[in-house]
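1. everything below, folded, please.
(4 chains)
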There are 2 protein chains.
Amino acid sequence: MTQNHPKFRREPAEHRRDALVLATLALIAEQGVRGATVRAIADRANVSQGMIRYHFSSKEDLISAAYAHHMSHMTNLTAAPNVPDGASAKVRLAAFVEAGLTSPVVDPGSVSLWASFLNKVREDARMRQIHEQTYHDFRDRLEALIADALNEAKITTTPPQLRHLAIACNAVIDGLWMEGGALPSAFQPGELPEIGLQSVGAIIGVELQDTGSQ
Amino acid sequence: MTQNHPKFRREPAEHRRDALVLATLALIAEQGVRGATVRAIADRANVSQGMIRYHFSSKEDLISAAYAHHMSHMTNLTAAPNVPDGASAKVRLAAFVEAGLTSPVVDPGSVSLWASFLNKVREDARMRQIHEQTYHDFRDRLEALIADALNEAKITTTPPQLRHLAIACNAVIDGLWMEGGALPSAFQPGELPEIGLQSVGAIIGVELQDTGSQ
DNA sequence: TCCGTAACTATGCAAGCGTATAATTAAAAA
DNA sequence: TTTTTAATTATACGCTTGCATAGTTACGGA
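-> Numbers count the residues shown, from 1 in each chain, chains lettered A, B, ... in the order given. Below is the predicted model of the structure:
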């Protein structure tokens, strides 16, 4: 039996790193942190477990990379909804809120993933930095949208007021997202984005409507 | 050396269970789930590690008990603020919001604790039941306060509307609580309750004021 | 005062963990 | 082709984990 096929293939480092990160995220989402052992991760990525220490300096390092990947992915999903060119600020804000409160952003695995990471944020400085970075990134985008919407509605605000509005709206979105992911059966389909639009609208004083983009 | 003092004391089962639960909570709050090993827990509670399996059927069982304890504790802290008898519904609602957004409810350890448990909620049915129970309990109290405040302000709502308002206000509180705990340095003292009062007020359409009870 | 028993401790075990290291091998360079 | 080297696997080590089990001891009832 002459085996022609090689036992493994060499891949570019970045490709392997990505595969390991993706495997890590999938495992944590499905089984929680406990399920994400080096053996399970390597298995899921179809490599031997040595690859983790070859491509990352430690398992913690891989976890950090996975966290950064997941958070930026979620921010991107929320921040880049399908909105026509030249849409009004109000519509863009509404689309942002809706995108953050529907699938695939709202998802049990996604929330579980986020909660798993939150624990490590307290211990690990690198994780904390990623956390702060992502949080502020998300909130800044939201603040810019709110500023545009208020401007459009000819409502004037001071910077501190604007900041408070952004924090508040961010909290509503985060809270609804969390509850929707942690308790999927407690809400009807479409209920979360509806409540989100009403609440954000009430907070900033501009009525937001369903963009119908879902 | 005649040792008069006994090597250990016998305690009522409930007392020991409480001590183990408290030790578990303290450890998870300080060091995350990783730090809460049977040995560390027993050590903190000043008993041998066999006590965990003696008083609980497994470590998981202890964790569940700790979760239930923590959640009901937090709900009680939020729901029973120091408010004068015969206060208006508006004031009671404001006190509720404020209590949920100040120390000791807002606290890094508390959020870390909650996040640690959230992971287990997905896997374990018992944990899920505790989670749902606590969530609905908290939200129902909030909904009752909102109903009173609206009634007082002569604003009429339908039950579904009221439900939505409660979900939204709950989300703001949860979101702010979470961010305050996860990123303590990002907010000034008193900023969180202030934003909470403004937002909840805006959502239900009743202006809420600082109760000054802090 | 002396049992009886249930609360409690001490000790050990098997499994799983992250990590280290040496042996392989695919694939580019010569 | 042969050589080189870096990507990859294979294997093992030391440590920690939750759990089991046998032995010990406080303490109320006889």
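
2. which non-adjacent residue is nearest A:Gly109?
-> Distance criterion CB to CB, 6 or more residues apart in numbering or on different chains; nearest residue to A:Gly109, sequence neighbours excluded, is A:Ala29 at 3.3 Å. Glycine gets a C-beta too; all of them are placed from N, C-alpha and C.

3. list the contacts for the one you found?
-> A:Ala29 makes contact with A:Gly109, A:Ser110, A:Ser112, A:Leu113, according to CB atoms under 8 Å, 6 or more residues apart in numbering or on different chains.

4. just send those back as CSV, with distance to B:Ser199 and secondary structure too.
-> Output for the contacts of A:Ala29, formatted as CSV (distance: CB to CB, whole Å; DSSP: H, G, I helix; E, B strand; the rest coil):
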residue, distance to B:Ser199, secondary structure
A:Gly109, 29, helix
A:Ser110, 24, helix
A:Ser112, 27, helix
A:Leu113, 27, helix
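
5. can you pick the most crowded of those?
-> Of all the contacts of A:Ala29, A:Leu113 has the most neighbours under the rule other CB atoms under 10 Å in any protein chain shown, reaching 27 neighbours.

6. for it, give its distance to A:Glu60.
-> A:Leu113 sits 16 Å away from A:Glu60, going by CB to CB, to the nearest Å.

7. how about A:Gly50?
-> Distance from A:Gly50 to A:Glu60, by CB to CB: 17 Å.

8. so which of the two has more stuff around it?
-> Ranked by neighbour count (other CB under 10 Å), A:Gly50 and A:Glu60 place A:Glu60 first, with 14 against 10.

9. contact partners for the residue nearest the centre of chain A?
-> Within chain A, one residue has its C-alpha closest to the average C-alpha position: by CA atoms, centre = their mean, that is A:Met74, at 2.4 Å. Residues in contact with A:Met74, defined by CB under 8 Å, 6+ apart, are A:Val105, A:Ser110.

10. pLDDT averaged over the helix or strand containing it - what is it?
-> Per DSSP states H and E: A:Met74 is located in helix A:59-79. Taken as a whole, helix A:59-79 carries a mean pLDDT of 94.

11. next: stretch A:26-39.
-> The average of the pLDDT scores along stretch A:26-39 is 94.

12. how long is that stretch from one end to the other?
-> One end of stretch A:26-39 to the other measures 14 Å (CA to CA, to the nearest Å).

13. name the residues of that stretch that are buried.
-> For stretch A:26-39, burial by neighbour count (16 or more other CB atoms under 10 Å in any protein chain shown) applies to A:Ala26, A:Leu27, A:Ile28, A:Ala29, A:Glu30, A:Gln31, A:Gly32, A:Val33, A:Ala36, A:Val38.

14. was I right about the third one contacting A:Trp114?
-> Right, A:Ile28. No. Between A:Ile28 and A:Trp114 there is no contact under CB atoms under 8 Å: 9.7 Å.

15. near DNA strand D, which residues of chain A?
-> Taking CB under 7 Å from any atom of the strand as the contact definition, chain A meets DNA strand D at A:7-11, A:13, A:16, A:47-51, A:54-55.

16. thank you kindly, that will do.
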